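**Student:** kindly return the folded structure for what I paste below:
(4 chains)
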Protein chains: 2
Amino acid sequence: MQDKQIVTPFSPADHQHSSCLKSVLSTAEDCCRQRGLRLTPIRRRVLELVWKNHEPVKAYDILETLQAEKKRAAPPTVYRALDFLQAEGFVHKLESMNAYVGCGAPGHHHTTQFLICHTCGVVAELDDIEIGELIGNKADSLGFKATHLTIEIKGLCSSCQAD
Amino acid sequence: MQDKQIVTPFSPADHQHSSCLKSVLSTAEDCCRQRGLRLTPIRRRVLELVWKNHEPVKAYDILETLQAEKKRAAPPTVYRALDFLQAEGFVHKLESMNAYVGCGAPGHHHTTQFLICHTCGVVAELDDIEIGELIGNKADSLGFKATHLTIEIKGLCSSCQAD
DNA sequence: TATGTTACGTTATAATATAACATTAATATG
DNA sequence: CATATTAATGTTATATTATAACGTAACATA
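**Tutor:** The predicted model follows:
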């Protein structure tokens, strides 16, 4: 129950990222198929690069990688792909870092809160209904209709506290 | 009681901004005096420009104004002043907009949540203990020690809903 | 195949922010 | 007061993040 609130956990030591990545990509493919959208090679590759690990990735780092491996990439190449991936909910932007992370629950409507460890850089994504509701209610009580929340929490993850 | 949570309200129709500004500046002066810091003419002017109204202000707009009125200003002029003002808690940065707003409770330690109307652009600042605590507790329960929260809520303010 | 639409290539530039070092102003200390 | 020290600012250059604008290619479908 509690675990349902965690969309992308801080990875355990035995996290097998290659299978994590594989499942992310196949979910994205399924979603696109269902929605009649094209997960083109560029879009797919950018999604893969955003999910290189569980840390925020910068647009220009993606660009460098693309250029290194296949040329023919300019900033719009990356930003267009990121725009598509964000619009479809496969990727989120961390506003406080100008960086991007993969979404742990693509295809599901959900609220989003990020926990960002400033030591190891790892990001966890939560979908905590209570937080979303509390904020919605507070806003309501001021006559404000909230439509989009940016919630980014910086701190120390448990393994970095241990060190 | 409830009102205490509101640091900068959405301004009422009869809001007298000149007196609002005056009080903001004199509070900043007092704080600096107490802390042995210098609210230099540039810093003071930048604070004034951030508080030009209750909307987010962009760094380069401040720069333009400075250049128009007194020359001898470059990007570092503005960013240094903004850094100082942020460090002292006189100004906040809205991460999701790359823009700056004046703090409604300078000199007081507080949590911060912003409500940003995407129609009129006006920003309200809250200091809602419950939101801060709930998030802190959620993070705690995951073993995460939160040190800094970014909470920016976009939506429609009550007067824009009325229109 | 013709046609419209979507994605991509390409060039240029806009918008946001910082590095690095020289100079000036304020403050502290002998 | 003179001078040393620090803090703030001036200045030039550049890094980083993002978008505009317009042409071309790929794909979908009538």
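
**Student:** what sits up against the longest strand seen in chain A?
**Tutor:** Taking DSSP state E as the criterion, chain A has its longest strand at strand A:145-156. Strand A:145-156 is contacted from outside by A:94-97, A:111-119, A:131-132, A:135-136, A:139-140, B:95-96, B:115, B:118, B:135, B:139, B:144-156, B:161, using Cβ atoms under 8 Å, 6 or more residues apart in numbering or on different chains. The C-beta positions use only the backbone N, C-alpha and C, and glycine is treated the same way.

**Student:** tell me the mean pLDDT over the helix or strand following it?
**Tutor:** Next helix or strand after strand A:145-156 toward the C-terminus (DSSP states H and E): helix A:158-162. What helix A:158-162 shows for mean pLDDT is 92.

**Student:** if you count neighbours, what's buried in helix A:158-162?
**Tutor:** Within helix A:158-162, the residues that count as buried by 16 or more other Cβ atoms under 10 Å in any protein chain shown are A:Ser159, A:Cys160.

**Student:** repeat that for stretch A:119-134.
**Tutor:** A:Val122, A:Val123, A:Ala124, A:Glu125, A:Leu126, A:Asp127, A:Asp128, A:Ile131, A:Gly132, A:Leu134.

**Student:** can you turn the buried subset of the contacts of strand A:145-156 into a selection I can paste into PyMOL?
**Tutor:** Here is the PyMOL command that selects only those of the contacts of strand A:145-156 that count as buried (16+ other Cβ under 10 Å):
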select buried, (chain A and resi 94+95+96+97+111+112+113+114+115+116+117+131+132+135+136+139) or (chain B and resi 95+96+115+135+139+144+146+149+150+151+152+153+154+155+156)
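
**Student:** got the angle for the longest strand of chain A vs strand B:145-156?
**Tutor:** 160 degrees (axes from the mean of the first three to the mean of the last three Cα atoms, to 10 degrees).

**Student:** let me know the pLDDT of the closest residue to DNA strand C within chain A.
**Tutor:** Minimum separation of chain A from DNA strand C (Cβ to the nearest atom of the strand) falls at A:Thr40, amounting to 3.0 Å. A:Thr40 carries a pLDDT score of 97 in this model.

**Student:** report the contact partners of it.
**Tutor:** Contacts of A:Thr40 (Cβ under 8 Å, 6+ apart): none.

**Student:** do the one 5 residues further on as well
**Tutor:** Remark: with contacts taken as Cβ under 8 Å, 6+ apart, A:Arg45 is in contact with A:Leu66, A:Ala81.

**Student:** and for A:Ala105?
**Tutor:** Counted by Cβ under 8 Å, 6+ apart, A:Ala105 has contacts A:Val7, A:Thr8, A:Glu125, A:Asp127.
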